[in-house]
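1. sequence and predicted structure, then a few things I'm wondering about:
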Amino acid sequence: MIFARATDIPLARDPSTRLVPWVIGFMVFLAILAVAGGVTLAGMAAGWQQGLTGSMTVQVPPLADDSDEETEQRVRQALEVLRRTRGLGEVNLLPSEDMVVLLEPWLGGGVDPDSLPLPRLIDVVIDDADDLDMDDVRRRLAAAVPGAALDDHQLWRERMVGFLELLQLVAWSVVAVVAACAIVMVVFATRSGLAAHRRVIETLHLIGARDGYIARQFQLHATRSAFKGSLVGALFGTGIIFGLLQMAHAMGNTASSLAVFGWQQWLILTLVPILGITITALTARVTVMQALSRLV
Amino acid sequence: MIRFENVGMRYGAGPEVLRDVTFQLEPGSFSFLTGPSGAGKSSLLKLMYLAHRPSRGLVTLFDRDTSTIHRKALPTLRRKIGVVFQDFRLMEHMSTFDNVALPLRVKGVSEDRLKKHVTELLAWVGLKDQINAKPATLSGGQQQRVSIARAVISRPKLLLADEPTGNVDDEIAVRLLYLFEELNRMGTTVMIATHNQSLIDRFQHPVFHLENGELTALDPIQPPQPEENPFFVNEMMHGREEGQ
């Protein structure tokens, strides 16, 4: 119905409006990339926060005069304190082999853990954070195992989440700038159209056309242009995101955080072209209505 | 139907182009508006077809004061007025059919109903064969008839024509005047701005004379008494293709 008849104003012939689909397409393409970046970072931040708040690490360092037997005794005491604490789930001593893997990037392969005064690490899963009194755990651990240190990763987590939030802000700012550019461009193209077809618009006005009737002509044209451009921009944008995700999966663990891109994220991306079309149509309408309000 | 009381009009900050204009048009009347070029005929018509608002004075149209009426109500009033513009103002990108159909489309008339009315009217004005032609391919007289058809398609209560005989020969001008009289007989109030004195002399209708923006002479308004129409409208429209 809305595309049934050619418009009364020959907007499709305007050189200034011919560029609109291309510009909208490019804007939608950029916006899709920025939104994809934003939602990926949001997913990563949420994942990290959840994963790290769900665990903590206890270090039991060997004391200067301690024998291996005495160190093992201190580790057992720490494990006991932790296992008797409410709110904690699994409490596991990190095996020596895993310690070697963790140290490999710094000390290289073939390190004998027994030849170094390494602290013993205990990985603790937090079952119920509301039930857990972190200060009480620290106090009891310090009393039972002097020198033991509890790391709930809070500092590191706060810095990483802060950094990710900053990156998200950049991504959303890019989206906002792209939307603002699209609005400015549509306003400019619409005003050009109004100037180019001033006589036709005046005639329509004088034979009794309401402002809404004339604005609808521009709105329809803008919607058509934005639809074409958005479709192409969205195809290219989502194609690139899909390619990046495939590459991220292929790269394995180091990039696996990109795998947070699920159906919700794809849904958000599909909203980008719809939003682009809506913004274009509304901008065109408001611009025309504003211009027509100056006529008698 | 139309009443002007001490109306003045200026474009922007310029001088007044109309001064203290006072007159009244009765429903169903037929009148001429005459005067030299630049006298303000087109400006007066612009006030009547609501392209401008008066700078001062009172313009009452269909019993409504146009200076106080809300802007949103103006399109409804404009739809009661048919205008034959001096330069036709046809849509160059549209066919004859679409040009004539435009006022009905603006009013939201369905395409089915509209098609019947437009086709009938185009046949009546002798442009049935030019239904798909663009204005650029039509002669001056044909364009004029498209303009007239567009002005009357929605059966306006008031028909205003600005120099409608300006670019046709005398015989066609006379034929056009008979057409306007025909419309007037169907109840449309008609006012024609012209400086063609021979036409004014030939047709016995009240004459408003403008000089330097002032109404200097006003013939007594009489009920329209058109002379015997020597042409039938159809004969007029089909009888001769001007410029060919």
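-> Great, that's in hand.
2. chain B contacts on chain A?
-> For chain A, the residues in contact with chain B (CB under 8 Å from any CB of the partner chain) are A:5, A:8, A:10, A:13, A:199-200, A:203-210, A:213, A:293, A:296. The way it works is simple: take the backbone N, C-alpha and C, and place the C-beta from them, glycine included.
3. among those, which lie within helices?
-> Within the residues of chain A next to chain B, residues falling in helices by DSSP state H are A:Arg199, A:Val200, A:Thr203, A:Leu204, A:His205, A:Leu206, A:Tyr213.
4. nearest spatial neighbour of residue 39, skipping sequence neighbours?
-> Because you didn't say which chain, this covers chain A. Spatially, and ignoring its direct neighbours in sequence, A:Val39 is nearest to A:Gln265 (4.7 Å; CB to CB, 6 or more residues apart in numbering or on different chains).
5. that answer is for a different chain, and I need it for chain B
-> Spatial nearest neighbour of B:Ala39, chain neighbours left out: B:Leu210 (4.2 Å); criterion: CB to CB, 6+ apart.
6. my read is that that neighbour contacts B:Gly35, right?
-> Yes: between B:Leu210 and B:Gly35 there is a contact under CB atoms under 8 Å: 3.7 Å.
7. can you give me the strands in the stretch 101-250 of chain A?
-> Ranges of strands within the stretch 101-250 of chain A are A:120-126, A:149-151, based on DSSP state E, counting those that start in this stretch.
8. reformat those as a markdown table; add distance to B:Leu45 and mean neighbour count.
-> Putting the strands of the stretch 101-250 of chain A into a markdown table (distance: least, CB to CB, whole Å; neighbours: other CB atoms under 10 Å in any protein chain shown) gives the following:
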| stretch | distance to B:Leu45 | mean neighbour count |
| --- | --- | --- |
| strand A:120-126 | 85 | 18 |
| strand A:149-151 | 88 | 15 |
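9. mean pLDDT for the ones you listed - can I get that in a markdown table?
-> Below are the strands of the stretch 101-250 of chain A laid out as a markdown table (pLDDT from 0 to 100):
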| stretch | mean pLDDT |
| --- | --- |
| strand A:120-126 | 89 |
| strand A:149-151 | 87 |
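10. quick one: closest of these to B:Ser139.
-> Nearest to B:Ser139 among the strands of the stretch 101-250 of chain A is strand A:120-126 (90.7 Å), distances taken as CB to CB.
11. for the helix or strand encompassing B:Glu171, give the mean pLDDT please.
-> For B:Glu171, the host element (DSSP states H and E) is helix B:170-185. Summarised as a single mean, pLDDT over helix B:170-185 is 84.
12. who are the packing partners of it?
-> strand B:30-34, helix B:140-152, strand B:158-162, strand B:189-193, helix B:197-202, helix B:233-239 (3 or more CB pairs under 8 Å, 6 or more residues apart in numbering or on different chains; DSSP states H and E).
13. coming back round to it: how about the host helix or strand of the residue nearest to A:Val39: buried residues?
-> Here A:Gln265, judged by DSSP H and E, is contained in helix A:263-292. Buried residues in helix A:263-292, counted by 16 or more other CB atoms under 10 Å in any protein chain shown: A:265, A:269, A:272-273, A:275-277, A:279-281, A:283-288, A:291-292.
14. that one packs against which elements?
-> Checked by 3+ CB pairs under 8 Å, 6+ apart, helix A:263-292 has helix A:20-53, helix A:154-196, helix A:211-251 packed alongside it.
15. that one - what's its average pLDDT?
-> Across helix A:263-292, pLDDT averages out at 94.
16. filter the residues of chain A next to chain B down to the buried ones and express that as a PyMOL selection.
-> Buried residues among the residues of chain A next to chain B (16+ other CB under 10 Å), as a PyMOL selection:
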select buried, chain A and resi 8+10+200+203+204+205+206+207+208+209+210+213
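17. what residues are up against the residue in the stretch 51-200 of chain A that chain B sits nearest to?
-> Here the stretch 51-200 of chain A gets closest to chain B at one residue, A:Val200, 6.0 Å apart by CB to the nearest CB. Contact analysis of A:Val200 by CB atoms under 8 Å, 6 or more residues apart in numbering or on different chains lists A:Asp8, A:Ile9, A:Pro10, B:Met91.
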